[in-house]
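Colleague: Model the structure of this input:
(2 chains)
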Amino acid sequence: MDVLQLGSYTFSSRLILGTGKFSNSRVMLEAVRASGAQLVTVALRRFNRQQAEDDLFGPLSSIEGITLMPNTSGASTAKEAIRAAHIARELSGSAFIKVEIHPNPQHLMPDPIETFEAARILAKEGFLVMPYIAADPVLAKRLEEVGCASVMPLGSAIGSGQGLAMSEMLNIIIRESGIPVIVDAGLRSPSEAAHAMEMGCEAVLVNSAVAAAGNPPEMAEAFAEAVAAGRKAFRAGLMQKSGSAVATSPLTSFLGTF
Amino acid sequence: MTALPEWLTDNRDTAALTDMLSPASSRSLETLAAESRAITLRRFGRTMTLYAPLYLSNYCSSGCAYCGFASDRKTPRHRLEPDEIRRELTAMKKLGISDILLLTGERTAAADFDYLRKCVEIAAQEMQKVSVEAFPMSVNEYRALADCGCTGITIYQETYNHERYETLHRWGPKKDFIDRLETPARALEGGIKSVGLGVLLGLSDPVEDALSLYRHVRHLGRTYWRAGMSVSFPRLRPQTGGYEPPFPVDDHLLARIIFAFRIALPDTELVLSTRESATFRDGMAGLGITRMSVESKTTVGGYSVSESKNSREKKDEGQFEISDSRTAREFCAALRNQNIEPVFKNWEPSYNGPSSSISHEIQTIRPTTPIAPEMQSNKPSSLLTPETETCH
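Modeller: Next comes the predicted model:
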């Protein structure tokens, strides 16, 4: 069976959903259900035990068949992310941690140096580390070496909807990686998710594209179908693109015949 | 007179904003609104982060012509004592509030740095996120506040027009225009994670002020690339002293300024307080604003009902009159009606304290060959950070 393997965990769904940015937790839960996602990410900073209404952790933990992947969004250094990972594990019991370290809270670009350091330490501590990174092939290999469960390069800037602007680099990461590559951030449409899967990504993560859609649950379903189609196409093997046109008069006729 | 900083007249990337703010702009208000809405939705989703102010003290040493707490006003002066603060915090928590802005006037003996630090310490024990809007401080003082759990500083320049500033700030420490301009940089040097900037709309030419505010944001963003930033759009409200705004800003212009900022600064938090009416706030939610205050009291204290017997707030007048007086519950219901989720907690206190990054540690390793002091930092030496003070 074709499954997504992360550490000792297996998932039949290859769509991972982010849970922020929704208009309310009811819509978010509907979208999660409609997406068929088995792995969802939730920011530790949106765990709210005091005020149930905007808490994301409570409602998510009530859905059966869902594995939670807390993320460290808001952390700007390795130290902060490691501290957050420990708190998140205690609160959620999840083995997964999505390491998100953006020292600039405005453009949300991941810091490669701090991310590497946090990932290295957390992997050693036994976490299933899923680092959010820029599409940097060398960093991806370094993270694989220190024991990350996957790498999560961005397709384009978070929340930008610019799709697979980084596809050149993503292709290299996918070709070279020994661990699952999951495109995280930037996807706007299901066709882009399908494209990422056709390229050989093991899964995709979307949030804004679903949360900011006119009808989030329906868009979640559309993404699920696109991801499944893209995966099927990848496994079936795409026809090779022809590299260049074949000249009508052979270019090598001067060589004569054997 | 000290020379004004160069960034204040830096027009490198102001062309688009200048066009959007111009009354003769090539772009209609409606087009700006549509673009601003789309950017907000993409970047921030259908959410609104909520906070509430807590006025700790209305003692003040400055004479700002437009302020209800200016030192020549005959308003009764108070400061909250630790027990009162805890009571207020409990009352605020009951409303769901976990993100709080602590306010004081300019530095006085009654409400000085030690008092403020104590208040931050108390608030950080109860709240998830604590920010401060008080008087300008030194780098060391900011570092001490950051150590106690303060993550954000709000400091409005009020107006970037030097001449207007001189006229409006009649006496007191706030009279120093340049010192105030440099305050956000000192806060960031001290390890405060985010700064909130703004102008008090109504004091001076609003378009000129908005452009300078934008230059300030860009300057800080380039100099302190890790800094979180937010921009507020306070409009002068009626207050004790009855100051009439010489440059009134109507709803259309305020909306234009907000849309233009969202388009020019797509990732920056934009804030709108209860100074504005319920209609305006509901209208602007989702169109560009991402952070709003709720159920604000502008008197010292005011949240705790247990005090209502000696009813300090009845005889007190606040710093200004609020306009949107809906309860947190009512306001959240209005947001939900518009398909926007009110978010009370959008911060994790384990991220508090000055961040020490790996690269920072690398920088502080002493090189074997001494580097000339002027090469070690591109910041003015007065802004370099001496040793850290810690909380007790």
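Colleague: which stretches of the stretch 1-150 of chain B form helices?
Modeller: Using DSSP state H, counting those that start in this stretch, the helices assigned to the stretch 1-150 of chain B run over residues B:15-21, B:29-44, B:82-94, B:113-126, B:139-147.
Colleague: just the ones you listed: most buried one?
Modeller: Highest mean neighbour count of the helices of the stretch 1-150 of chain B: helix B:139-147, a mean of 22 (counted as mean count of other Cβ atoms under 10 Å in any protein chain shown). All C-beta atoms are positioned from the backbone trio N, CA, C, and that covers glycine.
Colleague: Give me the helices and strands touching it, please.
Modeller: Of the remaining helices and strands, those touching helix B:139-147 by 3 or more Cβ pairs under 8 Å, 6 or more residues apart in numbering or on different chains; DSSP states H and E are helix B:113-126, helix B:177-189.
Colleague: can I get those helices in JSON lines with mean pLDDT?
Modeller: Listed next are those as JSON lines, based on pLDDT from 0 to 100:
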{"stretch": "helix B:113-126", "mean pLDDT": "97"}
{"stretch": "helix B:177-189", "mean pLDDT": "96"}
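Colleague: The residue of the stretch 1-150 of chain A found nearest chain B: neighbouring residues, count only.
Modeller: At 2.2 Å from chain B, residue A:21 is the closest residue in the stretch 1-150 of chain A, using Cβ to the nearest Cβ. A count of neighbours around residue A:21, defined by other Cβ atoms under 10 Å in any protein chain shown, yields 23.
Colleague: So it sits against residue B:46, correct?
Modeller: Yes: at 6.4 Å, residue A:21 counts as touching residue B:46 under the criterion of Cβ atoms under 8 Å.
Colleague: Show me whatever sits in contact with both of those two.
Modeller: A:211, A:212 (Cβ atoms under 8 Å, 6 or more residues apart in numbering or on different chains).
Colleague: Helix or strand with the lowest mean pLDDT in the chain?
Modeller: If you meant another chain, say so; for now it's chain A. Scoring the helices and strands of chain A by mean pLDDT, DSSP states H and E places helix A:57-61 at the bottom, with a mean of 77.
Colleague: Quick check: buried residues in it?
Modeller: A:57, A:59, A:60 (16 or more other Cβ atoms under 10 Å in any protein chain shown).
Colleague: Just to check, the last one is in contact with residue A:68?
Modeller: By that I understand residue A:60. Yes: using Cβ under 8 Å, residue A:60 is in contact with residue A:68, at 6.0 Å.
Colleague: what's the distance between residue B:349 and residue B:283?
Modeller: Separation of residue B:349 from residue B:283 (Cβ to Cβ, to the nearest Å): 33 Å.
Colleague: Could you do residue A:49 as well?
Modeller: As judged by Cβ to Cβ, residue A:49 and residue B:283 stand 33 Å apart.
Colleague: who's more crowded, these two?
Modeller: The residue with more neighbours, out of residue A:49 and residue B:283, is residue B:283; 16 against 10, by other Cβ under 10 Å.
Colleague: Now the more buried one. Nearest residue, chain neighbours left out?
Modeller: Leaving aside its sequence neighbours, residue B:283 sits nearest to residue B:255 (Cβ to Cβ, 6 or more residues apart in numbering or on different chains; 8.0 Å).
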